[in-house]
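Asker: Let me see the structure of the following:
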Amino acid sequence: MPSSSKQTEQIATWKQAFRDETTGIHKTVRDLIWNYAAFRTTIRIVRLANEKREEHPRLNQMLFDLISDGYWSSLLVGIRRLLDKGPIKGPKGVYSIRSVVKDVEQSRPWLTRRKYIEEVLEARYDLTPMLEEQHQRLIAAKGAATWGDPDLFRSEIAHEQFDFLSGVLPTDRRADDLIDPAVLARIEKRLASLDTIGDHVNSHLAHAGNHESRQGKSLANFDIRDAQRALRELKQISDLTGVWFANEGGGGLATFIGDQFAGLDEPLVDTEQIAQLLEHWREIDREVANWSITPKEL
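Answerer: Numbering: from 1, shown residues only. You can find the predicted model right below:
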């Protein structure tokens, strides 16, 4: 069993996995939700444009294809990151929902009710003195309104959370209660239901899988409705596990500082500028045509 200081470091790692602003779980979920909203809005823009079209759609197909391909790739890779089966620590460590849950599972023998409440949720363990203090305040108030103790409320919530995690009734609470493995197994079962997405990313996006390695790993007919279901599942699980194991709640769709629709009512280029774009395209074509070497230049 790790020392008390090592246990504290391990708990801190769980919290960092959710809070990290570079590759953390909550940041990944926030980015996925924002991009989902932006892409759904793009689809609506296309529909609105097509309703008013005359001979041709108003949205350029080249730009839409670029947006679409970029969205689907970033979505699937983001989901794969949240499902990553790698360890949470070490030179190949990853911040994923799965890495946190697996580390919690390995920590079960020492993650007692007291340790969980005091270090994971940062609350006071013993309710008795706080309840007595609350009782004395009510008596002193003589029926007048009085503030409740936020520390008492926090501790009561913490015990209730561990009641669920341990499967122990409030009347049977003990300081050495442990998390029920069945709870962690239910989390893994829900994550595993999305593993087909991770398998697809591994064979089609992250790696250039050959014909054999790609067999049975394609996402046929995966569309925006499937994206919605996958994101909903991941947000629900990340919010719950964040509260449980990092004392860190999740969030919804981010609030944009400014107007996210600014400029949509203006054309991207004027008609007379199309000739400039055509020449620019030809310049790129000539550039790419020179990307070759002879055997002697190797």
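Asker: which residues touch stretch 26-35?
Answerer: With contact meaning C-beta atoms under 8 Å, 6 or more residues apart in numbering, stretch 26-35 is reached by 18-21, 71, 74-75, 78-79, 81-82, 95, 231, 234-235, 238, 242, 248, 250-254. C-betas here are computed from N, CA, C, even on glycine.
Asker: tell me the domain ranges of this structure?
Answerer: In terms of domains, the chain is parsed into 4-111+180-291, 113-178 (source: automatic domain parsing).
Asker: any chance of those domains in a markdown table, plus mean pLDDT and mean neighbour count?
Answerer: Rendered in a markdown table, the data for the domains of the chain read as follows (pLDDT from 0 to 100; neighbours: other C-beta atoms under 10 Å):
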| stretch | mean pLDDT | mean neighbour count |
| --- | --- | --- |
| domain 4-111+180-291 | 89 | 15 |
| domain 113-178 | 87 | 14 |
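Asker: Just send the ones you listed back as a markdown table, with distance to L298 too.
Answerer: Conversion of the domains of the chain to a markdown table gives the following (distance: least, C-beta to C-beta, whole Å):
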| stretch | distance to L298 |
| --- | --- |
| domain 4-111+180-291 | 14 |
| domain 113-178 | 58 |
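Asker: now the helices for the stretch 151-298 of the chain?
Answerer: 181-192, 195-200, 211-214, 224-246, 274-289 (DSSP state H, counting those that start in this stretch).
Asker: so can I have TSV of those helices showing distance to T171?
Answerer: What follows is the helices of the stretch 151-298 of the chain, written out as TSV (distance: least, C-beta to C-beta, whole Å):
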stretch	distance to T171
helix 181-192	20
helix 195-200	40
helix 211-214	55
helix 224-246	22
helix 274-289	73
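Asker: do you know which of these lies nearest F162?
Answerer: Across these, the minimum distance to F162, taken as C-beta to C-beta, is reached by helix 224-246, at 9.1 Å.
Asker: Can I get stretch 80-94 in PDB? Just the C-alpha atoms.
Answerer: The C-alpha trace of stretch 80-94 is given here as PDB (Å, rounded to 0.1, in the frame of the first residue of the first chain):
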ATOM      1  CA  ARG A  80     -10.900   8.600 -28.600                       C
ATOM      2  CA  ARG A  81      -8.900  10.700 -26.100                       C
ATOM      3  CA  LEU A  82     -11.600  10.500 -23.500                       C
ATOM      4  CA  LEU A  83     -11.700   6.700 -23.900                       C
ATOM      5  CA  ASP A  84      -7.900   6.200 -23.900                       C
ATOM      6  CA  LYS A  85      -6.900   3.000 -22.000                       C
ATOM      7  CA  GLY A  86      -3.400   4.300 -21.100                       C
ATOM      8  CA  PRO A  87      -2.200   4.900 -17.500                       C
ATOM      9  CA  ILE A  88      -2.700   8.200 -15.900                       C
ATOM     10  CA  LYS A  89       0.900   8.500 -14.800                       C
ATOM     11  CA  GLY A  90       4.300   8.000 -16.300                       C
ATOM     12  CA  PRO A  91       6.000   9.100 -19.600                       C
ATOM     13  CA  LYS A  92       3.100   7.600 -21.600                       C
ATOM     14  CA  GLY A  93       0.400   8.800 -19.200                       C
ATOM     15  CA  VAL A  94      -2.900  10.200 -20.400                       C
END
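Asker: which helix is the longest one in the protein?
Answerer: Taking DSSP state H as the criterion, the chain has its longest helix at helix 25-51.
Asker: Assess the claim that N247 and E122 are in contact.
Answerer: Yes - if you go by C-beta atoms under 8 Å, N247 and E122 touch, sitting 6.1 Å apart.
Asker: Can you give me the distance of the residue lying closest to L127 once chain neighbours are set aside to L264?
Answerer: Setting aside the residues directly before and after it, L127 is nearest to S155 in space (C-beta to C-beta, 6 or more residues apart in numbering), at 5.7 Å. Distance of S155 to L264, computed by C-beta to C-beta, to the nearest Å: 50 Å.
Asker: G167 too?
Answerer: Taken as C-beta to C-beta, the spacing of G167 relative to L264 amounts to 52 Å.
Asker: what does L277 give?
Answerer: Relative to L264, L277 is positioned 20 Å away (criterion: C-beta to C-beta).
Asker: And for S238?
Answerer: With distances defined as C-beta to C-beta, the gap from S238 to L264 amounts to 31 Å.
Asker: and if you look at G198?
Answerer: The span separating G198 from L264 equals 35 Å under the rule C-beta to C-beta.
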